[in-house]
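*Asks:* Predicted coordinates and the sequence they were generated for:
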Amino acid sequence: MSTTRSRHDQKTTAATAKTSTQTSSETPAATVVSARNLVKRYGAFEAVSSLSFEVRAGEFFGLLGPNGAGKSTTMRMIYRVTPPTSGALTVLGFEAGRDDRQIKARLGVVPQIDNLDEELSVLDNLIVYARFHDISYRDAKTRAHDLLDFMELSGKANAKIMALSGGMKRRLTLARGLMNDPQIVVLDEPTTGLDPQVRITLWDKLEELRSRGVTLLMSTHYMDEAERLCDRLIIMDQGQIVAEGEPERLVNEHVSAEVVEMRLAGMDAERLARVAERLGASVQRSKERMSLFTGDGRALLDGLRREGLEPARTFIRPGNLEDVFLKLTGRSLRE
Amino acid sequence: MAKTTPLYGSRKPLSLTGAWHVWERNARVYRQRWMYSLLPNFFEPVFYLLGLGIGLGAYVSSGGSFENGYVAFIAPGLVAASAMNGAVFETTYNVYVKLTFSKIYDAMITTRVNIEDVVLGEILWAMTRSLLYGGVFLIVTLFFGIPITPTLPLAFLAAALTGFCFSALGLAFTSLIKSIDLYTYFFTMFITPLFLFSDIFFPVEERFPAFLVVIAKATPLYHAVQLMRGLVNGELAGLWLNTLYLVVVGTALAAFAIWRMRRRVVV
């Protein structure tokens, strides 16, 4: 495995170098996607409301939000299969709606649902897709084998799509999206419905792509995925941006460094909240549980103990994007 | 790798290069099973010509329209119907599955291919199927004593043109429906009467009242049959009108199908 990997690395490093010179000649600015006041309406329903953001070359950019936040619609507008109702969008310096073929030629798309061609073998799926991009048959074949290596699917080249597991299908869909040597890879909820181990394998591949200088644009409703992978992200809810920035900074800005979680189990919740607030924590309550946001969880627990409050089953964890979302929208990401 | 063909990177919504790659995809799928896909196409004409031509034909008095025998009358019409079937099957069930169940059009249009190219590619592929269906049928008819005329090679092109008009029709219908069950109506209420009343088995003008003849002459299979029969028999008078009909109606339906498919897929 390691030998095939290094052989492939050499090849794609060259490919990446070529891509980056292209980028600099075509788009002098480091902005590769620029959306201004993007709106998408379906009848009376507004899926995306006046969205503005920029993606920079080489970064891993995330769209985080619950189902129905407008992430997929935004992604589809970027990869040019959904026309915006209004607003301006440029991708790699090309104007959306006018130069769609130019844009599509330079994007790699991994859609939310697997739409692999079940009438073709694994290898032919890649080759046919490259032909859609007008890549010669010979180049397509070479690249298909390279990418099957990279995705650890070489043994499945002649398999039928039906015979692949869910994780293999996702990897093949990612390989397919890389066939045209894209400058930006767009991934719409790439790990939804996958086993935890399979997700980690896919994350590794995405990190490897990032390290080669490919710009990645990913939507997800998994907080941990966004936190782990994204350099920068926007948090979306009901078609709007509720926060934007680096994951770490967003957590620092909106929630505390640590969160103390506890079960209420017969405690005087009112008093607990009062004391915690006096000790500088902010409080989030549900029926059975309480979360205390603080700079130092241990110190807070000590403080509570001195007041005679001994909550059971306490658990100190770092603040995360889920907390940010909860704080800004009052709702949970996982609805 | 990302080199751009000038035309294929242009702002024109429809690209022949894109359509060609869609055709290629279908050809690649077909290549895996062409043998057992094409084999029935040999038997179908044999059965029709045996049953209707040799069997029923024995009881049909020759003379009038049937002066060369009943087999000679129905053979070219059956070739046209076979070309029609090739295009119609391809652009109804097959396209519907790709459009709604396997979603492969959604995958195609994330590449440099546009939905307009997809529709044109499907038309070109359906024409290829018509050429194969109709062509095989035409060759089989020669074994039933159909004489070879100088215009016979053009009859193969007529099969492809028939495929053009009917693939556009099939795509136009497919672009409108939201349930695969509705094809029953398309086939029973439209394709079947076309098959029976388009001059394939008898001259409608001699048997039907004027208003039914007008309807028959307004439908595409009638013109495909006239064109095919004229080319097979080497009688070219008036065939330009049938050709014009198939080109104009086919182009109008193709334009409609492209417009509808864009509204349906690019949302």
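*Replies:* That came through fine. Residues are numbered from 1 along each chain as shown, chains lettered A, B, ... in the order given.
*Asks:* Which residues of chain A lie near chain B?
*Replies:* A:15, A:18, A:22, A:42, A:79, A:81-83, A:98-102, A:104-107, A:109, A:111, A:113, A:115-120, A:124, A:128-129, A:131-135, A:139, A:143, A:176, A:180-181 (Cβ under 8 Å from any Cβ of the partner chain). Using the backbone N, CA and C atoms, a C-beta is placed for each residue, glycine as well.
*Asks:* Could you tell me how many residues sit around residue 85?
*Replies:* Assuming you mean chain A. If you count neighbours by other Cβ atoms under 10 Å in any protein chain shown, A:Thr85 ends up with 14.
*Asks:* Oops, wrong one, chain B.
*Replies:* If we define neighbours as other Cβ under 10 Å, then B:Asn85 has 22 of them.
*Asks:* From B:Gly134, how far out is it?
*Replies:* Note on B:Asn85: its distance to B:Gly134, by Cβ to Cβ, to the nearest Å, is 9 Å.
*Asks:* for the nearest residue to A:Gly280 once chain neighbours are set aside, which residues make a bridge with it?
*Replies:* Sequence neighbours aside, A:Thr294 is the residue nearest to A:Gly280 in space, at 6.6 Å (criterion: Cβ to Cβ, 6 or more residues apart in numbering or on different chains). On the basis of DSSP bridges, A:Thr294 is bridged to A:Glu258.
*Asks:* So which of the residues of chain A next to chain B are in strands?
*Replies:* Counting by DSSP state E, the part of the residues of chain A next to chain B found in strands is A:Tyr42, A:Leu107, A:Val109.
*Asks:* Show the buried residues in these.
*Replies:* Neighbour counting over these (16 or more other Cβ atoms under 10 Å in any protein chain shown) leaves A:Leu107, A:Val109 as the buried ones.
*Asks:* Between the ones in strands among the residues of chain A next to chain B, which sits nearest chain B?
*Replies:* A:Val109 (4.0 Å; Cβ to the nearest Cβ).
*Asks:* which ones are touching the closest one?
*Replies:* A:Val109 is in contact with A:Tyr79, A:Gly177, A:Val185, A:Val186, B:Thr110, counting by Cβ atoms under 8 Å, 6 or more residues apart in numbering or on different chains.
*Asks:* so which strand or helix has the third one?
*Replies:* Put plainly, it is A:Val185. Assigned by DSSP states H and E, A:Val185 falls within strand A:184-188.
*Asks:* what's in contact with that strand?
*Replies:* Outside of strand A:184-188, the residues within contact range by Cβ under 8 Å, 6+ apart are A:32-33, A:55, A:71-72, A:75-76, A:78-79, A:91-92, A:106-112, A:174, A:177-178, A:206, A:209, A:214-219.
*Asks:* try 7 Å
*Replies:* Applying Cβ atoms under 7 Å, 6 or more residues apart in numbering or on different chains, the external contacts of strand A:184-188 come out as A:32, A:72, A:75, A:78-79, A:106-112, A:177-178, A:209, A:214-219.
*Asks:* buried residues in the worst-scoring helix or strand of chain B on mean pLDDT?
*Replies:* Ranked by mean pLDDT, DSSP states H and E, the weakest helix or strand in chain B is helix B:34-48, scoring a mean of 87. Under the neighbour-count criterion of 16+ other Cβ under 10 Å, helix B:34-48 has B:Asn41, B:Glu44, B:Pro45, B:Tyr48 buried.
*Asks:* Spatially, what comes nearest to B:Leu227 if we skip its sequence neighbours?
*Replies:* The shortest distance from B:Leu227 to any non-neighbouring residue, by Cβ to Cβ, 6+ apart, is to B:Asn242 (4.2 Å).
*Asks:* Please apply the same query to A:Arg41.
*Replies:* Among residues not flanking A:Arg41 along the chain, A:Thr85 sits closest, at 4.6 Å (Cβ to Cβ, 6+ apart).
*Asks:* My guess is the one you found contacts A:Tyr42. True?
*Replies:* No. Between A:Thr85 and A:Tyr42 there is no contact under Cβ atoms under 7 Å: 8.8 Å.
*Asks:* thinking again about what came up before, and the residue nearest to A:Gly280, how close does it get to chain B?
*Replies:* Per Cβ to the nearest Cβ, to the nearest Å, A:Thr294 is found 46 Å from chain B.
*Asks:* What's the local residue count around that residue?
*Replies:* The number of residues packed around A:Thr294, counting by other Cβ under 10 Å, is 23.
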